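here's a sequence, model it:
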Amino acid sequence: PIFLCCDEATSALDASVAQKLCALLKRLCREADIPILMILHQPRIEIWEMIDNLFLLAPGGHQAYAGPREDVI
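Below you'll find the predicted structure:
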């Protein structure tokens, strides 16, 4: 595939399983050299720290930020 798209893949999972799933997906996609597009709402800090790049939406669907996680304010 060109990329892996996951829409709310951690929804209804407890924190431990959600973190394990995100770590597994990141490892698999790095090994296969394909990016992940993952839609998340309010990720826990452990998942937040796994994110490489972000596209954040503001109210009304307007772009608030796009770029590396480390640079987001």
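
use CA for all of it now, contacts and neighbours both
Noted.

what would the biggest helix by length in the chain look like as PDB? C-alpha coordinates only.
Counting residues, the longest helix found in the chain (DSSP state H) is helix 15-32. Extracted C-alpha coordinates of helix 15-32, given in PDB (Å, rounded to 0.1, in the frame of the first residue of the first chain):
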ATOM      1  CA  ALA A  15      -4.800   2.900  27.600                       C
ATOM      2  CA  SER A  16      -2.400   0.000  27.700                       C
ATOM      3  CA  VAL A  17      -3.900  -1.700  24.600                       C
ATOM      4  CA  ALA A  18      -4.100   1.600  22.700                       C
ATOM      5  CA  GLN A  19      -0.400   2.300  23.400                       C
ATOM      6  CA  LYS A  20       0.600  -1.300  22.400                       C
ATOM      7  CA  LEU A  21      -1.400  -1.000  19.200                       C
ATOM      8  CA  CYS A  22       0.200   2.300  18.200                       C
ATOM      9  CA  ALA A  23       3.700   1.000  18.900                       C
ATOM     10  CA  LEU A  24       2.900  -2.100  16.800                       C
ATOM     11  CA  LEU A  25       1.600  -0.100  13.900                       C
ATOM     12  CA  LYS A  26       4.500   2.300  14.000                       C
ATOM     13  CA  ARG A  27       7.000  -0.700  14.000                       C
ATOM     14  CA  LEU A  28       5.200  -2.500  11.200                       C
ATOM     15  CA  CYS A  29       5.100   0.600   9.000                       C
ATOM     16  CA  ARG A  30       8.700   1.500   9.600                       C
ATOM     17  CA  GLU A  31       9.700  -2.100   8.700                       C
ATOM     18  CA  ALA A  32       7.500  -1.900   5.500                       C
END
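
what's it packed up against?
strand 36-39, helix 45-48 (3 or more Cα pairs under 8 Å, 6 or more residues apart in numbering; DSSP states H and E).

what sits against residue 22?
Going by Cα atoms under 8 Å, 6 or more residues apart in numbering, residue 22 touches 10, 47, 50.
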